[in-house]
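Novice: need a 3D model of the following:
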Amino acid sequence: MAAMKFMYRNYGDRLWGEYGFYDAFNPGQDWVANSWLAIDQGPIINMIENYRSGLLWNLFMDIPEINPALEAIGFVEDITHVSSEGVLSGWKVFPTIHDGVFHIQADEHTDLSTLRIQIVHASGVALPFSTTTFDDRTIRISLSDAPAGWMIINIEQNGRTGSLISVKGK
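Specialist: Coordinates of the predicted model:
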């Protein structure tokens with residue numbers, strides 16, 4: 001995430017195009033590719049989902065042969081404890097690539113009336129937006145004049161926090 005934010009903030013005007021980041025760049029040579037290589041895009045989607053939910057890692061670790069293989073090559077369990085207390089979970093944002101309107105869907109334990117939402121463009125600028133609440137689980141967000149690019153959606157409720165990521169097209 002730090003590398004993505006750095007590249008977008010420092011080179012975004014040249015490195016970001018209609019389909020996201022261009023395939024390659026070399027700031028030392030002042031060169032940026034003018035293409036997207038599709039084979040690079042598939043892993044990006046997988047990395048975003050794994051960062052968001054851990055789905056791919058959990059599926060991989062559920063394969064019966066994996067733990068014996070890791071033990072055979074000398075891996076040991078990481079005993080570091082990381083607490084998720086105070087962190088929001090169970091949220092979804094859709095669509096992730098949109099025209100400025102998207103929805104945030106809350107888990108079944110959330111009272112939407114107590115939420116505080118902030119949307120920040122990857123450039124670091126907080127964005128104005130309007131909301132509409134549908135039923136008791138979904139909020140419609142409208143970013144009328146937001147620039148294209150990555151959006152980080154920060155949510156706070158009763159001392160619990162979380163962030164979601166979305167992308168706005170042109």
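
Novice: just say helix, strand or coil for Val120.
Specialist: Counting by DSSP: H, G, I helix; E, B strand; the rest coil, the backbone at Val120 sits in strand.

Novice: for it, what are its contacts?
Specialist: Ala126, Leu127, Met151, Ile152, Asn154 (C-beta atoms under 8 Å, 6 or more residues apart in numbering). C-beta coordinates here come from the backbone N, C-alpha and C atoms, glycine included.

Novice: and for Phe102?
Specialist: Val93, Phe94, Pro95, Thr96, Arg140, Ile141, Ser166.

Novice: list the buried residues in the host helix or strand of the fifth one.
Specialist: Using DSSP states H and E, Arg140 maps to strand 138-142. Under the neighbour-count criterion of 16 or more other C-beta atoms under 10 Å, strand 138-142 has Ile139, Ile141 buried.

Novice: tell me the phi and psi of Met4?
Specialist: Note on Met4: its backbone torsions stand at phi -60, psi -50 [degrees, to the nearest 10].

Novice: check Ala72 too.
Specialist: Dihedral pair for Ala72: phi -60, psi -30, per degrees, to the nearest 10.

Novice: residues near it, how many?
Specialist: Using other C-beta atoms under 10 Å, Ala72 has 8 other residues around it.

Novice: same question, Lys168
Specialist: So Lys168, with other C-beta under 10 Å, has 21 neighbours.

Novice: ok, back up a step: let's see the ChimeraX selection covering just the buried ones among the contacts of Val120.
Specialist: Those of the contacts of Val120 that count as buried under 16+ other C-beta under 10 Å are selected in ChimeraX with:
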select :127,151,152
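
Novice: ok, now which ones touch Glu49?
Specialist: When contacts are counted by C-beta under 8 Å, 6+ apart, Glu49 touches Leu55, Leu56.

Novice: picking up where we left off before, what is the nearest of the contacts of Phe102 to Gln118?
Specialist: For the contacts of Phe102, the minimum distance to Gln118 (C-beta to C-beta) is 11.3 Å, reached by Ile141.
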